[in-house]
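In: missing the sequence, but the structure's below:
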DNA sequence: ATTTTTTCTGCGGGATCCCGCAATGTCTCA
DNA sequence: TGAGACATTGCGGGATCCCGCAGAAAAAAT
């Protein structure tokens, strides 16, 4: 068995290396990559089916890398080892995991033993391991009470990118009014609203901008999610017919 | 001499501890804190004048901690040891460093030697040490060509928080029109604009929201900056007279 | 198959935003 | 002191956003 490490922090990388050798004596080869790009390449060349990776890397972040790796070899087993359990990350991961794939998500704050146990569970016993905390986030996210629909999340991303109602309507094949409806739902769920008085009172929020702000504060969005969304958007833009008058 | 470490990652913490003992043999005491809050407390109780800290910690982030520490003892020497040279961090730090204070900013990606050298320079020779890359960011930020005025940055934060023009005007003691002027400057500098045609063409951006998006993408803003801004905002809100009709 | 619920859609209006035009105020520099 | 550069403010209008109302369409439940 061979294991590939994708992690940009040297300290964490060598720590992982040690942990893998200790937890998996049957492992006879550990390779390290320090960013998503070379990680993808090594995974391809090395045909390694066992990967431990960090999300949040400078170059080409983890989710991107995982997506392309899984696209080429859906049976690859990936253990995500991350600092955060932001909803944006959790959602990002569960969005790309192929049906039936074996994977894991453990936090860097977890104990030594937990990490090693996860390594064995995933790579030897083909069993998914999701950290308690992450799992909690996942359920809060999916359970629609206080959680966000795919549609709501989608429109949240769209306004975070700065699209107008009309642009969103085109992109999502909706009428402008429907877009506005969804926005309204979103505002309710995020708890943003006008403080009553309509014309004379003091400080008030721009709902659209405020929604993005609280989404960021609640870690529903983060830098990576925005970057991915931006990439998707520009891919869509070039595909669009450039309507000139 | 005693040194206080404020860093939430255990691996990095012990690495730092080692580096300090190696670089500063005259040091006779190293204390560790794993978040900003306890870091502040230890700095106060221990009267330590030498601190190495991470920005970006889960609890109470580094900039907050540094601010309160420097407020109590402006002569404290702080070495910021961070993963990133985001403009948001760099600006955040230079905003709070007291006049004449000795401090440093080195990236975690720097070599062992560079870190040790920085430790000696700051704690022994009373000399500021700013990583080349960070310095570059600082200058790009301050040199007004392609850099942002304090005013522009301020209004950027305000719209990122979701305030309306009127609210911003009140908060910053400006007329609504002036706020809009500044917004326009901001849009120009960020390179956001309407793609010409006014009524019929295809995808267009909501300038206000788009500005926030590109600011995030360019790392002019990040989560910490937003959190701090949000805290400032709510502090200002309670201080405001609640104008009822 | 019919009712119930949810979503999509158009219309319309008030509030907000974006911004050109122009007058005034402030600062600098010669 | 006066000229020029720049920020501030008001006015006005077109575009966009926010959202109530209500009918049409789709999905879910009985």
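Out: Cool, got the structure. All figures in this text were calculated on a predicted structure; none of them were measured in a lab. Residues are numbered from 1 along each chain as shown, chains lettered A, B, ... in the order given.

In: Contacts only, for the residue nearest the centre of chain A.
Out: Among the residues of chain A, the one closest to the centroid is residue A:92, at 2.4 Å (CA atoms, centre = their mean). Applying CB atoms under 8 Å, 6 or more residues apart in numbering or on different chains to residue A:92 gives the contacts A:55, A:63, A:224-225, A:228. For glycine as for every other residue, the C-beta is placed from the backbone atoms N, C-alpha and C.

In: Quick one: low-confidence residue ranges for chain A.
Out: A:141-146, A:195-203, A:241-245 (pLDDT under 70).

In: re earlier: what about the helix or strand hosting the residue nearest to the centre of chain A, distance to the chain center?
Out: Using DSSP states H and E, residue A:92 sits in helix A:87-96. Between the centre of helix A:87-96 and the centre of its chain there are 3 Å (CA atoms, centre = their mean, to the nearest Å).

In: Over to stretch A:73-80?
Out: On the basis of CA atoms, centre = their mean, stretch A:73-80 is displaced by 15 Å from the centre of the chain it belongs to.

In: Check which residues of it are buried.
Out: A:76-80 (16 or more other CB atoms under 10 Å in any protein chain shown).

In: can you tell me which of those residues lies nearest to residue B:121?
Out: Of all the buried residues of stretch A:73-80, residue B:121 sits closest to residue A:80, with 38.5 Å by CB to CB.

In: Please name the nearest non-neighbouring residue to the closest one.
Out: Spatial nearest neighbour of residue A:80, chain neighbours left out: residue A:105 (4.6 Å); criterion: CB to CB, 6 or more residues apart in numbering or on different chains.

In: what angle separates the one helix or strand that neighbour maps to from helix A:87-96?
Out: Using DSSP H and E, the element containing residue A:105 is strand A:103-107. Orientation check (axes from the mean of the first three to the mean of the last three CA atoms, to 10 degrees): strand A:103-107 against helix A:87-96 gives 170 degrees.

In: Give me the helices and strands touching strand A:103-107, please.
Out: Applying 3 or more CB pairs under 8 Å, 6 or more residues apart in numbering or on different chains; DSSP states H and E, one finds that strand A:103-107 contacts strand A:77-82, helix A:87-96, helix A:112-123, strand A:129-130, helix A:132-142.

In: and the last one with chain B, contact?
Out: No: legend: contact between helix A:132-142 and chain B by CB under 8 Å from any CB of the partner chain is lacking; minimum distance shown is 11.9 Å.

In: Who are the packing partners of that helix?
Out: Helix A:132-142 is packed against helix A:87-96, strand A:103-107, with contacts defined by 3+ CB pairs under 8 Å, 6+ apart.

In: neighbouring contacts of that helix?
Out: Under CB under 8 Å, 6+ apart, the answer for helix A:132-142 is A:85-87, A:90-91, A:94, A:105-107, A:130, A:146-148.

In: List the buried residues of it.
Out: A:133-134, A:137-138, A:141.

In: Distance to residue B:177 added to those residues, as TSV?
Out: Listed next are those as TSV, based on distance: CB to CB, whole Å:
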residue	distance to residue B:177
A:133	48
A:134	48
A:137	44
A:138	48
A:141	43
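
In: can I get the residues you listed in JSON lines with distance to DNA strand C?
Out: As requested, the buried residues of helix A:132-142 are exported to JSON lines (distance: CB to the nearest atom of the strand, whole Å):
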{"residue": "A:133", "distance to DNA strand C": "29"}
{"residue": "A:134", "distance to DNA strand C": "27"}
{"residue": "A:137", "distance to DNA strand C": "23"}
{"residue": "A:138", "distance to DNA strand C": "21"}
{"residue": "A:141", "distance to DNA strand C": "17"}
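
In: What lies in contact with stretch A:115-129?
Out: Stretch A:115-129 has contacts (CB under 8 Å, 6+ apart) with A:1, A:3, A:19-20, A:22-24, A:26, A:50, A:52, A:77, A:79, A:81, A:102-106, A:110.

In: Try it again at 6 Å.
Out: Applying CB atoms under 6 Å, 6 or more residues apart in numbering or on different chains, the contact partners of stretch A:115-129 are A:19, A:23-24, A:50, A:77, A:79, A:102, A:104, A:106.

In: State which helix of chain A is the longest.
Out: Across chain A, the longest stretch assigned as helix under DSSP state H is helix A:223-239.

In: And it, what does it pack against?
Out: Helix A:223-239 sits against helix A:150-161, with contacts defined as 3 or more CB pairs under 6 Å, 6 or more residues apart in numbering or on different chains; DSSP states H and E.

In: Can you name the two of the contacts of stretch A:115-129 that sit furthest apart?
Out: A:19 and A:102, at 18.7 Å, using CB to CB across the contacts of stretch A:115-129.

In: what helix or strand does the residue lying closest to residue A:12 once chain neighbours are set aside sit in?
Out: Distance criterion CB to CB, 6+ apart; nearest residue to residue A:12, sequence neighbours excluded, is residue B:11 at 6.3 Å. Residue B:11 belongs to helix B:10-23 when assigned by DSSP H and E.

In: Show me what secondary structure element comes after that helix.
Out: Note on helix B:10-23: by DSSP H and E, the next helix or strand toward the C-terminus is strand B:30-33.

In: which other residues reach the following helix or strand past that following strand?
Out: Toward the C-terminus, strand B:30-33 is succeeded by helix B:36-46 as the next helix or strand (DSSP H and E). For helix B:36-46, contacts defined as CB under 6 Å, 6+ apart pick out B:4, B:6, B:31, B:33, B:57, B:59-61, B:64-65, B:68-69.
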